[in-house]
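# Got a sequence here, can you build the structure:
(one chain, ligands or ions: 1)
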Amino acid sequence: MKKFFVLVCILLIVSGCGKWNNHQERITVYSPYPRELIRSLLNDFEQTENVKVELKQGSTQVLLREIHQADEDELGDIVVGGVLSEMIEHPDDFEAYESKNQKYMKYAKQKVPYVSDFILMPTTIVVNKDLIGNIKVRGYKDLCAEELKGKVVYSNPLETTTGYQHMKAIESINHNVDDVKDFMATANKVDKSSKVIQEVANGKYYAGLSYESDAKAYINKGYPLKMIYPSEGTMLNHDGIALVKKENINPKSKKLINYLTSKKVQQKIADEYKIQSGRKDVFNQNKQVAAKFREIPVIEDDDISHLTRKQFLELIQWYQLNLINVWLENHYLSLLYYRHF
Ligand code: G6P
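As a prediction, the model looks like this:
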């Protein structure tokens, strides 16, 4: 009997501790970054802060929609990655918060009060070297060439940061949405940014619209890829971190934001992942990487459409709907033709 009593007490203590740990020492991060990038940063934090960090991955807009639709008890804690200052359509889903390190960022003032600056991520073109042959690809215009019709891929601008930012870049060349229209008419859309790099790497497409760290990761894996910063202008994404608004914000979430924007972690991101830190006091130790970054023909802020995300998407989405109408018209007329003759 005594043994049974002791066993019950041990089980109660263990389950109680488990519950205590679950409640106090567990946070959930939403992130569109590839697992190999974000998971290693979170693992380090878990060790230093003795907290369990769960990761929910997906395209930026899919994650933001999940947050908007979640009940309070299902809500995670912070979003890491994505151009959140552009992508967040429901600011009330997030808590205004400025990381302790914002003053060290390249942009000392937050674009919006609920997003802390994190890192800078150029959007890039990737080309399959085994397929492209002697077709010249220096920028977006080259991707619209006749010989590349149907052989270029991009991710859905409605769901992904990457697709959206590339369409903004194309529009910024001549401030003309027709350029976006011409590109969409000749290229193929996929639902995830990760599929773009996969399908170019595997040879399904000759070229695609991706982003620097994904392209570099696949090149380092040995795929026959070449990364190009669009010559007409390269969009430099200001990736951010946002704190999800909820009744009980875990203090560890704010600690994680300050950890990810700290000089130590930002230097690790720059050195180990060759990613451009968002801090003005962190430099790539690799001189080659630093020089390459300085040569990128970054699009000036003034040249980027100031439409809101919703307005810009309506502008190009109309075109996508129109594209369907054009397709139906052509096919319907040919159906009529065959029926009639
Ligand atoms: C862009 C952003 C990154 C993001 C990546 C994938 O490159 O700069 O922060 O991780 O897109 O996000 P997406 O929504 O395109 O899957």
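
# For the stretch 101-250 of the chain, what lies in contact range of the ligand?
Contact residues (CB under 6 Å from any ligand atom) of the stretch 101-250 of the chain with the ligand: Met121, Ser155, Thr160, Thr161, Thr162, Ser193, Tyr211, Asn237, Asp239. (Glycine included, C-beta is placed from N, CA and C.)

# how about the second one, what does it touch?
Same thing as Ser155. By CB atoms under 8 Å, 6 or more residues apart in numbering, the residues touching Ser155 are Ser59, Thr162, Gly163, Lys189, Val190, Asp191, Lys192, Ser193, Lys195, Val196, Leu209.

# can you pull the pLDDT of His331?
The score at His331 is 72. That number is its pLDDT.

# Check the secondary structure at it for me.
Secondary structure, DSSP: H, G, I helix; E, B strand; the rest coil: His331 is helix.

# what's the burial count for it?
By other CB atoms under 10 Å, 10 other residues sit near His331.

# For it, give its distance to the ligand.
32 Å (CB to the nearest ligand atom, to the nearest Å).

# From Gly150, how far off is that residue?
For His331, the distance to Gly150 (CB to CB, to the nearest Å) stands at 17 Å.

# got it, and Ser253?
45 Å.

# For those two, work out which one has more neighbours and name it.
Taking other CB under 10 Å, Ser253 and Gly150 do not tie; Ser253 has more neighbours (22 against 10).

# mind checking which helix or strand the residue most central in space within the chain is in?
By CA atoms, centre = their mean, the chain has its centre lying nearest to Gly82, at 3.9 Å. Assigned by DSSP states H and E, Gly82 falls within no helix or strand.

# And Ile170, by the same measure?
Taking DSSP H and E as the criterion, Ile170 maps to helix 161-174.

# For that helix, which residues meet the burial criterion?
Buried residues in helix 161-174, counted by 16 or more other CB atoms under 10 Å: 161-173.

# Who does Ile78 form a beta bridge with?
Beta-bridge pairing for Ile78 (DSSP bridges): Val29, Leu243.

# how close does it sit to the ligand?
14 Å.

# Assign Ile27 to helix, strand or coil.
Assignment for Ile27 (three-state DSSP): strand.

# didn't it look like it was pressed against Lys252?
Yes. In this structure, Ile27 is within contact of Lys252 by CB atoms under 8 Å, at 5.3 Å.

# Identify the contacts common to the two.
Here Ile27 and Lys252 have Val51, Asp77 as joint contacts, going by CB under 8 Å, 6+ apart.

# quick one, what contacts Glu89?
Taking CB under 8 Å, 6+ apart as the test, what Glu89 contacts is Leu64, His68, Arg309, Lys310.

# just Arg138 next, same as before
Arg138 touches Ile228, Pro230, Ser231, counting by CB under 8 Å, 6+ apart.

# what about 7 Å?
Listed by CB atoms under 7 Å, 6 or more residues apart in numbering, the contact set of Arg138 reads Ile228, Ser231.

# Next one: it, what pLDDT does it get?
97.

# any idea whether it is helix, strand or coil?
Per three-state DSSP, Arg138 ends up coil.

# From Gly233, how far out is it?
Taken as CB to CB, the span from Arg138 to Gly233 is 12 Å.

# cool, and Ala185?
Ala185 is 21 Å from Gly233, by CB to CB.

# How about His175?
Taking CB to CB, one finds His175 at 12 Å from Gly233.

# One more: Leu120?
Here the criterion is CB to CB. By it, Leu120 lies 15 Å from Gly233.

# and what of Lys216?
20 Å.

# Need the buried residues of helix 161-174 in TSV (columns: pLDDT and distance to Val289).
Output for the buried residues of helix 161-174, formatted as TSV (pLDDT from 0 to 100; distance: CB to CB, whole Å):
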residue	pLDDT	distance to Val289
Thr161	96	22
Thr162	98	21
Gly163	97	26
Tyr164	96	26
Gln165	97	21
His166	98	22
Met167	97	27
Lys168	97	25
Ala169	98	22
Ile170	97	26
Glu171	96	29
Ser172	96	25
Ile173	95	27
